[in-house]
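Participant: only the shape, not the letters, is given here:
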């Protein structure tokens, strides 16, 4: 049981480049979400999904897109990277609303 | 909107000291409350949770009680160890039945335990 798997672990992008952060879980969890962690800011919700085909915006969605075509996968897309998107990104999933989320190990993204 | 406020550190204690990290919240709906721990270079691990008023979550010697009257969920441990050094996050999930999800986090408390 791998849990929540995020790839890549590290990435450096140039301003304006696009990329997709991958997130996969093998626990058959319906609920998935993406967060960014910045120093002194805690974690902030970017997008979330309550099931395949259903996504919605969180607190800081600008500059990011998501889709949920399967229960297992929830990729996060940066269409045109900006230095303000330099951060550590975490994906998480959970089975039900009263359960805690299980987090991936994170992707450290630097935009230069 | 939802928000979580927790004491910001760093909090420095000696080994075997008593620990309290304060957490208060504002939420719509009926929130579930969580404490997560993050060790250096790692992701977040769920430490404990409580889903309704007066519930007590506990794990690895840590405890927190869901106090609806004071909108608080303070983390406590009777005797800390050096291995407890980490960043601790208080978080809530306020499911209101409208399809919203995700966690709202406090800014984190860096705990340093000295031998």
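Facilitator: Everything's here; your move. Because the structure is a prediction, the values reported are computed rather than measured. Numbering: from 1, shown residues only, chains lettered A, B, ... in the order given.

Participant: isn't residue B:73 up against residue B:23?
Facilitator: Yes: when contacts are counted by C-beta atoms under 8 Å, residue B:73 is listed as touching residue B:23 (4.8 Å). Any C-beta I mention is one placed from the backbone N, CA and C, and that applies to glycine too.

Participant: with neighbour numbers in mind, choose between those two.
Facilitator: More crowded of residue B:73 and residue B:23, by other C-beta atoms under 10 Å in any protein chain shown: residue B:73, with 30 against 24.

Participant: excluding sequence neighbours, find me the nearest residue to that one.
Facilitator: Leaving aside its sequence neighbours, residue B:73 sits nearest to residue B:33 (C-beta to C-beta, 6 or more residues apart in numbering or on different chains; 4.4 Å).

Participant: could you do residue B:40 as well?
Facilitator: Take residue B:40 and drop its neighbours on the chain: the residue closest to it by C-beta to C-beta, 6+ apart is residue B:86, 7.6 Å away.

Participant: quick one, what contacts that neighbour?
Facilitator: Neighbour list for residue B:86: B:37, B:38, B:39, B:40, B:110, B:111 [criterion: C-beta atoms under 8 Å, 6 or more residues apart in numbering or on different chains].

Participant: mind checking which of those residues are buried?
Facilitator: When the contacts of residue B:86 are checked for burial by 16 or more other C-beta atoms under 10 Å in any protein chain shown, the buried set is B:37, B:38, B:111.

Participant: for residue B:45, state which of those is nearest.
Facilitator: Of all these, the one with the least separation from residue B:45 (C-beta to C-beta) is residue B:37, at 5.3 Å.

Participant: could you list every helix and strand in contact with the helix or strand harbouring that closest one?
Facilitator: Under DSSP states H and E, the secondary-structure element containing residue B:37 is strand B:30-38. When contacts are defined as 3 or more C-beta pairs under 8 Å, 6 or more residues apart in numbering or on different chains; DSSP states H and E, strand B:30-38 sits against strand B:23-26, strand B:44-50, strand B:62-65, strand B:86-95.

Participant: which one of these lies nearest to residue A:96?
Facilitator: Of all the helices and strands packed on strand B:30-38, it is strand B:86-95 that lies closest to residue A:96, at 9.5 Å by C-beta to C-beta.
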